[in-house]
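**Student:** pasting a predicted model and its sequence here:
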2 protein chains.
Amino acid sequence: MRALHIMERKKLVSEIFKKKSMLCVGLDTRFDLLPEHLQQLPLKDAMVQFNKAIIDATSDLAVSFKLNTAFYEQYGSVGWEIMEATLALIPDNILTIADAKRGDIGNTSKMYAKAFFEQMNFDAITVAPYMGEDSLSPFFGFDQKWVICLGLTSNKGSLDLQQLDMVNGEPVYLHMMKQVESWGNPSNLMFVTGATHPKVLAELRSQFPEHFFLVPGVGAQGGSAKEVCAMAAHKTDGGLLINSSRGIIYASNKEDFATKAREAAEHIVLDMQDYFV
Amino acid sequence: MRALHIMERKKLVSEIFKKKSMLCVGLDTRFDLLPEHLQQLPLKDAMVQFNKAIIDATSDLAVSFKLNTAFYEQYGSVGWEIMEATLALIPDNILTIADAKRGDIGNTSKMYAKAFFEQMNFDAITVAPYMGEDSLSPFFGFDQKWVICLGLTSNKGSLDLQQLDMVNGEPVYLHMMKQVESWGNPSNLMFVTGATHPKVLAELRSQFPEHFFLVPGVGAQGGSAKEVCAMAAHKTDGGLLINSSRGIIYASNKEDFATKAREAAEHIVLDMQDYFV
């Protein structure tokens, strides 16, 4: 087994200020959306070459890469090989996130934690809190690894449970985030908070002043990086990983895809610069 | 791609009455818990041989096999190969469940649905409802496939969210189950309801008279199949898949593991016979 990759908070914050960026690039890669010249290649070669080109073109702009496991699992065991090969291409100074949204009873969550933290050697994994403390606590048992718990997600379906009120008057997402906060600490726990709820982001920042937020929903889903920074940046540590997937990796479906991906990434990073002045 | 495997409700119910069983065997297989003689083999061979022996020994007693994906993902891409090889060994008259507890934004959930229903060809997948309707609806778009949504889970952590009350006085799990009910129908939707809450099972049966319940928590977690049947069986269709994993597959860690697994399975099936008299 490879030595565990470490991306502790201090190192992450240092990268954020070195790059003046809180960009997370989402590698939601689909074979059927690859540029035509890559679709001539076998599945694994095509996907890995595409990811390599995106990583090479954007890794000086991004502080994190996020692989949504669904996009790889759709290809079965080959998909997992692609995910493993992709991870090996990501530079060491970058936080890697398995966007897996896992969560199960304790002995099973422990298997997931081993899968993503040890076997795959990701720095972080997203988890879903529906099953409560014993479903998440196994993920906290890994030194220098990050748990990123769903709080308020960017999709319309967040209305169906997360935004409903509990009997104590708090919305479900806030109640859950407060509980989850007590199971971890700001050096091993982040929250997923969607960019499509900018006003709520400011409230969440005052409620959770120290935690990093992973913020999806910029770009294709409609949120703005500028607004997210204004509402929810941490006072000194950046405190945000602002994710864009489709808006970057599919900025062009031609041979210039990597150049266009870089331009799209630069555009989002530019939107964050008010924070760094 | 293989032809899609079909296990519609009528066929499932017919198998239940043919076998007089609502047993689901959980293949939560771990290399480090295999009998010593199998641990001498390479990982993939050992895991597949073990699963084959369990399947051969119990497939006339079980109407369903459930593979918890965590146990396979811990081995990376090889784990997915083991899962694929195992699925190919399960007889055609058996419902196969990917216990994956997935759920993500719509375009991502669609990838998961393709992964498990098409690429892997499972009959059913477990999903987590925290992200709401658009995170689950893509799973309902597959003809003759089953969505098994977490309702009230068997673990202690179900107290942290599921069993808390919403502002309307309903517990979270019940509120979610009612919503999810309206997104599917009793021929494509089941609920996960833990055996560790027997009284609640009876209430859930009267609330959801037609749906199948996947009931984990029998055996190692403390629930009883007899009690579950008494509380929650469907009036005519069985309506339950009562799962046991560790209690069956690790009944012995010696060379007689398959024989002992069969005995453990027989014991649980015997506990269901009041329903079939």
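**Tutor:** Nice, thanks for sending it over.
**Student:** give me the pLDDT for the spatially most central residue of chain A.
**Tutor:** Nearest to the mean C-alpha position of chain A, by CA atoms, centre = their mean, lies A:K66 at 4.7 Å. Reported pLDDT at A:K66 in the predicted model: 98.
**Student:** what's the spacing between A:F50 and chain B?
**Tutor:** A:F50 sits 16 Å away from chain B, going by CB to the nearest CB, to the nearest Å. For the C-beta atoms, the positions are set from N, CA and C on the backbone; glycine is no exception.
**Student:** close enough to count as contact, that residue and A:D28?
**Tutor:** No: assessed by CB atoms under 8 Å, A:F50 is found out of contact with A:D28, at 11.5 Å.
**Student:** more neighbours: the two, which one.
**Tutor:** Neighbours per residue, other CB atoms under 10 Å in any protein chain shown: of A:F50 and A:D28, the larger number sits with A:F50, 26 against 23.
**Student:** tell me the contacts of that one?
**Tutor:** A:29, A:34-35, A:38, A:249, A:257 (CB atoms under 8 Å, 6 or more residues apart in numbering or on different chains).
**Student:** give me the nearest residue to A:F122, chain neighbours excluded.
**Tutor:** Leaving aside its chain neighbours, A:F122 sits nearest to A:A98 (4.3 Å; criterion: CB to CB, 6 or more residues apart in numbering or on different chains).
**Student:** burial measure for the residue nearest to A:S245 when sequence neighbours are not counted, as a count.
**Tutor:** Nearest non-adjacent residue to A:S245, counting by CB to CB, 6+ apart: A:G26, 2.9 Å away. By other CB under 10 Å, 25 other residues sit near A:G26.
**Student:** show me what A:G26 is bridged to.
**Tutor:** Going by DSSP bridges, A:G26 is paired in beta bridges with A:K66.
**Student:** ok, it touching A:N68?
**Tutor:** Yes: if you go by CB under 8 Å, A:G26 and A:N68 touch, sitting 6.5 Å apart.
**Student:** which residues do the two both contact?
**Tutor:** Common neighbours of A:G26 and A:N68 (CB under 8 Å, 6+ apart) are A:99, A:245.
**Student:** and A:Q49, what does it touch?
**Tutor:** Residues counted as contacts of A:Q49 (CB under 8 Å, 6+ apart) are A:38, A:41.
**Student:** how about A:H5?
**Tutor:** A:H5 makes contact with A:92, A:96, A:121-123, according to CB under 8 Å, 6+ apart.
**Student:** same question for A:P129.
**Tutor:** A:P129 neighbours (CB under 8 Å, 6+ apart): A:103, A:135-136, A:149-150, A:176, A:179-180, B:130, B:160-161.
**Student:** hang on, the earlier thing: neighbour count for the contacts of A:H5 - can I get that in a markdown table?
**Tutor:** Output for the contacts of A:H5, formatted as a markdown table (neighbours: other CB atoms under 10 Å in any protein chain shown):
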| residue | neighbour count |
| --- | --- |
| A:D92 | 9 |
| A:T96 | 24 |
| A:N121 | 19 |
| A:F122 | 27 |
| A:D123 | 24 |
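**Student:** return the closest of those with respect to B:K156.
**Tutor:** Nearest to B:K156 among the contacts of A:H5: A:F122, at 27.1 Å, using CB to CB.
**Student:** could you pull out the helices for the stretch 101-250 of chain A?
**Tutor:** Here the stretch 101-250 of chain A has its helices, by DSSP state H, counting those that start in this stretch, at A:106-113, A:133-136, A:172-181, A:198-207, A:225-232, A:246-249.
**Student:** quick one: which of those is nearest A:M22?
**Tutor:** Among the helices of the stretch 101-250 of chain A, the nearest to A:M22 by CB to CB is helix A:225-232 (7.4 Å).
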